[in-house]
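Asker: Need coordinates for the below:
(2 chains)
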2 protein chains.
Amino acid sequence: MVINYPGGINKKRKTISFSNRGMDLESIINKTNEYYISINRALIYKKPTPIKIVQMDKEAKHITSAYFEKKSTTDYNGVYKGLYLDFEAKSTASKTSFPINNFQNNQLNHFKRVINQKGFAFVIIEFSKLEKYYLIKMEDIFKYLEESNKKSIPLQLIKEKGMEIKRGINPPLNYLDIIDVIF
Amino acid sequence: MVINYPGGINKKRKTISFSNRGMDLESIINKTNEYYISINRALIYKKPTPIKIVQMDKEAKHITSAYFEKKSTTDYNGVYKGLYLDFEAKSTASKTSFPINNFQNNQLNHFKRVINQKGFAFVIIEFSKLEKYYLIKMEDIFKYLEESNKKSIPLQLIKEKGMEIKRGINPPLNYLDIIDVIF
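Answerer: Purely as a prediction, here's the structure:
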């Protein structure tokens, strides 16, 4: 998982290859969203990480002590053709499956509420060792979890129910083309 | 304007009357959104305030120096019947009009992008001295600003194009009933 510090201090994976290949997943998604905004295709943002302020100098508006809070929702949401999109971007080192404990319980509950409100809930999964990216609806993930009683989503199911997103230069990960097809 | 500190340190207006009458606008909207979630009517959240971290103790995950960042978007967004909602809640002490400089320029640009993506962009305005609340589409506000070249929206126009939201106990400000009518 990518560790997100608000304000741009990101723990970056080492750049291992040419061009933007070595970008971490968060940067890839952020750049893709910036591209969508620049061409007026969609309006999708990463939500700031919530923090709990312990101490602050109010006059200087300077926070002098704070901690990160547990997220109650997901990282990304926005609007595309009037529709509400809500998703997480997750990276796994596994070559065969996506462990569901990549999500916190309150994130899973949030996704269920999004589906209930007819929003588009999905996850973008990077299989880092395979250098592959997939998009799958959360509805398909929930269905599999209920039917199988397993704790991990096989890559095979992700390939069947979801779709691969090919890496590009700009945008680096054109996931809206996949949304157009699978929702 | 209500000053929002993430993590709940709010500058509260003095409680001047019975029950929840004295709640500030942010608390009113937050309580209303919690109510909507509890009855599965909608899924709307306040976005955390973005901060710029200057210094942190990474091992202890303790932020030791940070500042608030300028918001590039709006305070609230979410999903209602599959539709994307995006809004601000603003309070004015004026009895006759709503000054447009209550918004930052980048918030106005954000609203234009939401409208362009067919999202529902609106503002909830509290006229604190009148103890009245109104909801008006940002589209109507933009139209007026362009046609009049003024810097302030007359209350009269807000009454004509928008609608009053009556205060209640729970939810304290049932704005979705207004959305059902005016969008």
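
Asker: What angle do strand B:83-92 and the longest strand along chain A make with each other?
Answerer: Ranked by residue count, the top strand of chain A under DSSP state E comes out as strand A:83-92. Counting by axes from the mean of the first three to the mean of the last three Cα atoms, to 10 degrees, strand A:83-92 lies at 100 degrees to strand B:83-92.

Asker: Check which helix or strand A:Phe111 maps to.
Answerer: helix A:105-116 (DSSP states H and E).

Asker: helices or strands up against that helix?
Answerer: Identification of packing neighbours for helix A:105-116 by 3 or more Cβ pairs under 8 Å, 6 or more residues apart in numbering or on different chains; DSSP states H and E yields strand A:83-92, strand A:120-127, helix A:138-148, strand B:43-46. Where you see a C-beta, it was placed from the backbone N, CA and C, and this is true even at glycine.

Asker: which parts of the second one are buried?
Answerer: Right, the one you point to is strand A:120-127. By neighbour count on 16 or more other Cβ atoms under 10 Å in any protein chain shown, the buried set for strand A:120-127 is A:Phe120, A:Ala121, A:Phe122, A:Val123, A:Ile124, A:Ile125, A:Glu126, A:Phe127.

Asker: Who is the residue nearest the centre of chain A paired with across the strands?
Answerer: The residue lying closest to the centre of chain A (Cα atoms, centre = their mean) is A:Ala89, at 2.0 Å. As for beta bridges, A:Ala89 partners with A:Ile124 under DSSP bridges.

Asker: so where is chain A shaky, pLDDT-wise?
Answerer: A:1-21 (pLDDT under 70).

Asker: for it, what's the longest helix?
Answerer: Determined from DSSP state H, the single longest helix within chain A is helix A:25-38.

Asker: what's the first-to-last distance across stretch A:149-162?
Answerer: 20 Å (Cα to Cα, to the nearest Å).

Asker: show me what contacts A:Lys150?
Answerer: A:Tyr144 (Cβ atoms under 8 Å, 6 or more residues apart in numbering or on different chains).

Asker: how about 10 Å then?
Answerer: By Cβ atoms under 10 Å, 6 or more residues apart in numbering or on different chains, the contact set of A:Lys150 is A:Ser97, A:Pro99, A:Ile100, A:Tyr144, A:Leu157.

Asker: What strand or helix carries it?
Answerer: Using DSSP H and E, A:Lys150 falls within no helix or strand.

Asker: Please tell me how far it sits from chain B.
Answerer: With distances taken as Cβ to the nearest Cβ, to the nearest Å, A:Lys150 is found 27 Å from chain B.

Asker: got the phi/psi numbers for that residue?
Answerer: A:Lys150 has phi and psi values of phi -90, psi 170 when expressed as degrees, to the nearest 10.

Asker: ok, and the closest non-adjacent residue to A:Ile100?
Answerer: Spatial nearest neighbour of A:Ile100, chain neighbours left out: A:Lys151 (5.4 Å); criterion: Cβ to Cβ, 6 or more residues apart in numbering or on different chains.
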